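*Asks:* Kindly return the folded structure for what I paste below:
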Amino acid sequence: MNRNLTKSLVAGALAAFASVASAGGTHIITVSASVTGVCKIIDATSTLAFGTLDPASGGTVNAVWSGGKFSCSKGQAFTVSSDDGLWESSSGGANNRMKLSTATDCTVASNCIRYTLTSVASGTGAGHGVGNEISFNVTGQTLIADYQNANVGTYGDTVTLTVSP
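*Replies:* Okay, the predicted model is just below:
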């Protein structure tokens with residue numbers, strides 16, 4: 001083989017290799033994530049106690065429970081809603097009823113005591129975040145007219161509050 005031809009081939013191969021080795025470029029990677037808006041209940045059960053109701057000398061009885069805690073993602077709007085209990089006569093929070101423990105239902109009016117229930121309705125987790133607690137209170141009220149003709153015994157209800165984003 002011709003020496004000049006061999007030199008030319010080697011030089012061409014080196015030049016081709018050098019251009020491949022020096023070829024550069026960039027690759028762009030897009031990084032992404034999203035934070036889920038969540039709310040988390042911290043304490044799941046409590047008691048709102050009206051105490052002993054005296055139909056002979058009583059009046060309006062108020063009960064307050066404080067200590068409800070939950071947390072939400074920072075900036076997440078939240079709503080606290082109530083199912084109005086097991087024995088409500090109609091939805092809306094003003095028609096909650098406690099049922100006499102020995103009764104099967106509230107078809108007999110004297111087997112149930114009407115009460116109202118209020119709590120925090122809505123807000124935002126702005127400035128809080130899941131690591132920071134949001135406190136709320138629950139208040140209830142029963143009027144003398146609601147329990148003056150109630151049967152003697154122990155009354156109760158179960159209300160579920162739901163915190164949702």
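
*Asks:* thought residue 143 was touching residue 62?
*Replies:* No: taking contacts as CB atoms under 8 Å, residue 143 lies outside contact range of residue 62: 10.3 Å. Where C-beta positions appear, they are placed from N, C-alpha and C, glycine not excepted.

*Asks:* Can you tell me the element the spatially most central residue of the chain falls in?
*Replies:* Note on the chain: the residue nearest the mean C-alpha position is residue 163, at 2.8 Å, using CA atoms, centre = their mean. Mapping residue 163 onto the secondary structure by DSSP states H and E places it in strand 161-164.

*Asks:* If you count neighbours, what's buried in that strand?
*Replies:* For strand 161-164, burial by neighbour count (16 or more other CB atoms under 10 Å) applies to 161, 163.

*Asks:* got it, and stretch 140-160?
*Replies:* 140, 141, 142, 146, 147, 150, 155, 157, 159.

*Asks:* repeat for stretch 31-42
*Replies:* Of the residues in stretch 31-42, those buried (16+ other CB under 10 Å) are residue 39.

*Asks:* Other residues contacting that stretch?
*Replies:* 69-73, 75-76, 78, 125, 130, 133, 163-165 (CB atoms under 8 Å, 6 or more residues apart in numbering).

*Asks:* Please read off the pLDDT at the residue lying closest to residue 69 once chain neighbours are set aside from the model.
*Replies:* Leaving aside its chain neighbours, residue 69 sits nearest to residue 42 (4.0 Å; criterion: CB to CB, 6 or more residues apart in numbering). Here the pLDDT value assigned to residue 42 is 83.

*Asks:* Residue 96 versus residue 42, what's the distance?
*Replies:* As judged by CB to CB, to the nearest Å, residue 42 and residue 96 stand 24 Å apart.

*Asks:* What of residue 159?
*Replies:* For residue 159 relative to residue 96 (CB to CB), the value is 7 Å.

*Asks:* again with residue 46
*Replies:* 16 Å.

*Asks:* quick one, helices of the protein?
*Replies:* Remark: helices assigned in the chain by DSSP state H are 3-22, 144-147.

*Asks:* of all the ones you listed, which has the lowest average per-residue confidence?
*Replies:* Of all the helices of the chain, helix 3-22 has the smallest average pLDDT, which comes to a mean of 55.

*Asks:* from memory residue 144 sits against residue 59, does it?
*Replies:* Yes: between residue 144 and residue 59 there is a contact at 5.2 Å, judged by CB under 8 Å.

*Asks:* in this structure, which strand has the most residues?
*Replies:* Taking DSSP state E as the criterion, the chain has its longest strand at strand 61-72.
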